[in-house]
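> Just to be clear, the model below is a prediction. Sequence and coordinates:
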Amino acid sequence: EAQVTQNPRYLITVTGKKLTVTCSQNMNHEYMSWYRQDPGLGLRQIYYSMNVEVTDKGDVPEGYKVSRKEKRNFPLILESPSPNQTSLYFCASSHGTGENTEAFFGQGTRLTVV
Amino acid sequence: AQRVTQPEKLLSVFKGAPVELKCNYSYSGSPELFWYVQYSRQRLQLLLRHISRESIKGFTADLNKGETSFHLKKPFAQEEDSAMYYCALKRYGGSQGNLIFGKGTKLSVKP
């Protein structure tokens, strides 16, 4: 089954404790991205990657890091989480080109930083 | 600047009533626009894209370049249509995955 898998689904952590949210896709997609979803603000892109070893900042990259060492994986790293990073996070993937490509989303990771 | 605006945070209608979720965009050139839907406790999924000119679950959306709009419409709303709806614009030079989203409109269909 074609899918994007995020782990964990729920996470409560303390300020300053490094954490990683994993994202994996099995569709051989070139393009992957991370979004955060906040009430009243919708979805905002954090980082994206156009292929292995190619990443770039989105609209709200501060406080986050990513890596793309393999095509299928695109982890999101919070080196020193702060309460304002409490949010719902989504990973998405798609093919890089083509008219009828579709962005597939993971189920989301609800992060709470206390 | 590339931007997507959804002016309504919440839209509440009765079952069987027509529904229109508004979306306006700012983009120089030929835009590619999409509607994504998020049902309660589920992931976002593509509802439709303007380039396909399709109708999904009774929803349609027409790109109006003159008004820079891409409103989502359905003639008779159903309770199962209750969800969060996001209008999205493909960034210039980006793939389908590189999208700018509006802030979303929550549709509530009452029995």
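Thanks, I have it. Residues are numbered from 1 along each chain as shown, chains lettered A, B, ... in the order given.
> all contacts plus neighbour counts: C-alpha atoms, from now on.
Fine.
> Give me the secondary structure label for the residue sitting nearest the centre point of chain A.
Centroid check for chain A by C-alpha atoms, centre = their mean gives A:Trp34 as the closest residue, at 2.9 Å. Assigned by DSSP: H, G, I helix; E, B strand; the rest coil, the conformation of A:Trp34 is strand.
> right, and it touches A:Tyr47 too?
Yes - using C-alpha atoms under 8 Å, A:Trp34 is in contact with A:Tyr47, at 5.5 Å.
> The residue in chain A positioned nearest to chain B bridge partners, please.
Of all residues in chain A, the one sitting closest to chain B is A:Gly42 (3.8 Å; C-alpha to the nearest C-alpha). Judged by DSSP bridges, the bridge partners of A:Gly42 are A:Asp38.
> Now do the same contact list for the residue in chain B that chain A sits nearest to.
Minimum separation of chain B from chain A (C-alpha to the nearest C-alpha) falls at B:Lys103, amounting to 3.8 Å. Applying C-alpha atoms under 8 Å, 6 or more residues apart in numbering or on different chains, we find B:Lys103 in contact with A:40-43, B:5-6, B:9, B:86.
> Scan these and report the most crowded one.
If you count neighbours using other C-alpha atoms under 10 Å in any protein chain shown, the busiest of those is B:Tyr86, which has 28 neighbours.
> so what's residue 37 up against?
No chain in the question, so chain A it is. A:43-44, A:87-90.
> Chain B is the one I meant
Contacts of B:Val37 (C-alpha under 8 Å, 6+ apart): B:44-47, B:83-86.
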